[in-house]
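Q: Predicted structure and sequence below. I'll ask about it afterward.
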Amino acid sequence: MFLINDVIEYTDAPPRAFRILWIDQDKQLVYTFELDSPTAWPQAVPLQALALDLQMRRARLLLTDRWRATPGADIAQQHGALQEKAWHAVRTLHQHVPDLYERRWRARAVADYAMLHGMSPANIMRYLRRYWERGQTPEALVPDYANSGAPGRARVASAGVKRGRPSKAAASPNVDAPLRAIFRAAAARHAAAHPDFSRRAAYRQMLADHFTDAAPDATPSYGQFIYWLERDRDASIEAD
């Protein structure tokens with residue numbers, strides 16, 4: 001029923017939205033993060049309780065994730081360096097989920113990482129919160145001031161637009177035959193399990209299954225995902 005990064009909105013006043021950060025293998029427990037809350041930290045919630053809230057219409061699953069961050073077409077080199085620094089910290093700490101979601105464990109782990117790398121624990125905590133708030137992708141860690149024309153919020157992605165800083169490495173990988181096969185398999189898997197097929201949800205699940213620890217330049221964009229799905233579908237129709 002639920003996927004990592006799904007956003008659930010409770011309909012009380014004022015509405016509150018929560019992102020699903022992690023789901024255990026037994027589908028018994030999830031960790032959520034309240035969005036637009038300056039004091040939020042991950043919270044453990046029984047998955048059955050979330051399902052019941054949806055069933056009783058106390059909450060709804062949002063189809064559009066307005067919090068998800070993607071960069072603009074260009075990122076200055078110094079901003080890219082800051083993103084890489086933040087991404088290394090976040091990726092390293094996320095090797096220890098779900099322990100990372102627990103306050104005491106997180107405080108110790110962040111302090112150890114900060115001491116080892118000469119960083120401020122407060123900055124690392126801010127990286128983690130930004131990562132959870134904005135969709136758990138490397139793009140979530142682009143500094144806000146790098147997004148000219150949209151102060152305080154990262155830009156919304158445009159499907160099919162190549163994204164990332166103009167460096168020697170592209171922001172997204174070149175799509176070869178093996179990667180296209182992953183795209184097709186992810187779409188087929190999601191379609192088999194969900195009568196109401198959503199390309200966005202299929203893309204999110206593919207990232208969770210195959211690209212959780214991938215570097216930014218090895219993570220395909222949503223635009224690439226839908227472009228090649230449609231192109232391969234059209235090729236299949238023409239072959240028939």
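A: Received it, and whenever you're ready, just let me know what you need.
Q: What residues sit buried inside stretch 218-236?
A: Under the neighbour-count criterion of 16 or more other CB atoms under 10 Å, stretch 218-236 has 219, 220, 221, 222, 223, 224, 225, 226, 227, 228, 229 buried. C-beta: built from backbone N, CA, C; applies to glycine.
Q: out of the residues you listed, which are inside helices?
A: 222, 223, 224, 225, 226, 227, 228, 229 (DSSP state H).
Q: now these in JSON lines, with pLDDT?
A: Converted to JSON lines, these look like this (pLDDT from 0 to 100):
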{"residue": "222", "pLDDT": "84"}
{"residue": "223", "pLDDT": "82"}
{"residue": "224", "pLDDT": "85"}
{"residue": "225", "pLDDT": "86"}
{"residue": "226", "pLDDT": "84"}
{"residue": "227", "pLDDT": "83"}
{"residue": "228", "pLDDT": "86"}
{"residue": "229", "pLDDT": "84"}
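Q: Please identify which of the buried residues of stretch 218-236 is nearest to residue 9.
A: Distance to residue 9 across the buried residues of stretch 218-236 (CB to CB) is lowest for residue 222, with 21.3 Å.
Q: The closest one is in contact with residue 206, isn't it?
A: No - judged on CB atoms under 8 Å, residue 222 makes no contact with residue 206 at a distance of 10.0 Å.
Q: Wait, a helix at residue 179?
A: Yes - Residue 179 forms part of a helix when assessed by DSSP: H, G, I helix; E, B strand; the rest coil.
Q: List the contacts of it.
A: When contacts are counted by CB atoms under 8 Å, 6 or more residues apart in numbering, residue 179 touches 173, 220.
Q: Then the one 10 residues further on?
A: Shown in contact with residue 189 (CB under 8 Å, 6+ apart): 202, 205.
Q: ok, and it, which helix or strand is that part of?
A: Using DSSP states H and E, residue 189 maps to helix 177-193.
Q: can you map out the strands along this structure?
A: Using DSSP state E, the strands of the chain run over 7-10, 16-23, 29-34, 43-46, 59-61.
Q: Dump those to JSON lines, plus mean neighbour count, mean pLDDT and distance to residue 94.
A: Listed next are those as JSON lines, based on neighbours: other CB atoms under 10 Å; pLDDT from 0 to 100; distance: least, CB to CB, whole Å:
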{"stretch": "strand 7-10", "mean neighbour count": "18", "mean pLDDT": "95", "distance to residue 94": "19"}
{"stretch": "strand 16-23", "mean neighbour count": "21", "mean pLDDT": "95", "distance to residue 94": "9"}
{"stretch": "strand 29-34", "mean neighbour count": "21", "mean pLDDT": "96", "distance to residue 94": "12"}
{"stretch": "strand 43-46", "mean neighbour count": "13", "mean pLDDT": "96", "distance to residue 94": "17"}
{"stretch": "strand 59-61", "mean neighbour count": "17", "mean pLDDT": "93", "distance to residue 94": "24"}
